[in-house]
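In: give me a 3D structure for the following:
(one chain, ligands or ions: 2)
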Amino acid sequence: MEKTLFFIKPDAVERNLIGEVIRKVENSGFKINNLKMVRLRKAQAEEFYKIHKGKDFFEKLVEYVCAGLIVAMVLEKESAIKDLRELVGATDPAFAKKGSIRYDFGLDVTRNSCHASDSSKTAKDEILFFFPEKD
Ligand code: IDP
Ligand code: MG
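Out: Ligands and ions are numbered 1, 2, ... in the order given. Predicted coordinates:
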């Protein structure tokens, strides 16, 4: 079964939406394979988002994702990577499809409630980033 990395961002954790988000994920056929609540340090967030280094939103993104607790999980499903991106919705919640997590809960293009890996390579790297103790 394919695995992908998902995390609930600080805006959703702060608004007590962990349960709502996980309900949507589980109702969409994903199995939670591993889960933890963490607060990223700045250097960790910079490492996680290094592909965006140099972009105008990089500093703001790093600051935001470090600003509170996040809930990271490994999700398992057939076509997990593609299907989770679909469930998460467009980066900017204003353009997210009805029924997607970002449509329901996202506040703006930075505070968009969740992260999902975008390819098999990033899924592998991102799972290891959060769960180095388990493959
Ligand atoms: P994704 O999360 O939909 O894969 P990416 O382009 O990989 O989107 O960007 C990573 C994160 O950076 C986004 O989820 C969002 O929080 C933030 N971000 C992306 N584009 C912008 C922007 O134009 N302005 C502000 N923040 C942005
Ligand atoms: Mg991305």
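
In: and the helix or strand harbouring Thr4, what does it pack against?
Out: Here Thr4, judged by DSSP states H and E, is contained in strand 2-8. Counting contacts by 3 or more CB pairs under 8 Å, 6 or more residues apart in numbering; DSSP states H and E, strand 2-8 is packed against helix 18-27, strand 70-77, helix 80-88, strand 114-116, helix 120-130. Every residue, glycine included, has its C-beta placed from N, CA and C.

In: and of these, who's closest to Phe58?
Out: strand 114-116 (14.9 Å; CB to CB).

In: neighbouring strands - and their directions - for the closest one?
Out: Paired neighbours of strand 114-116 in the sheet (DSSP bridges): strand 2-8 (antiparallel).

In: would a markdown table of the helices and strands packed on strand 2-8 with distance to Glu2 and mean neighbour count be doable?
Out: Putting those into a markdown table (distance: least, CB to CB, whole Å; neighbours: other CB atoms under 10 Å) gives the following:
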| stretch | distance to Glu2 | mean neighbour count |
| --- | --- | --- |
| helix 18-27 | 15 | 15 |
| strand 70-77 | 7 | 22 |
| helix 80-88 | 4 | 20 |
| strand 114-116 | 13 | 23 |
| helix 120-130 | 8 | 17 |
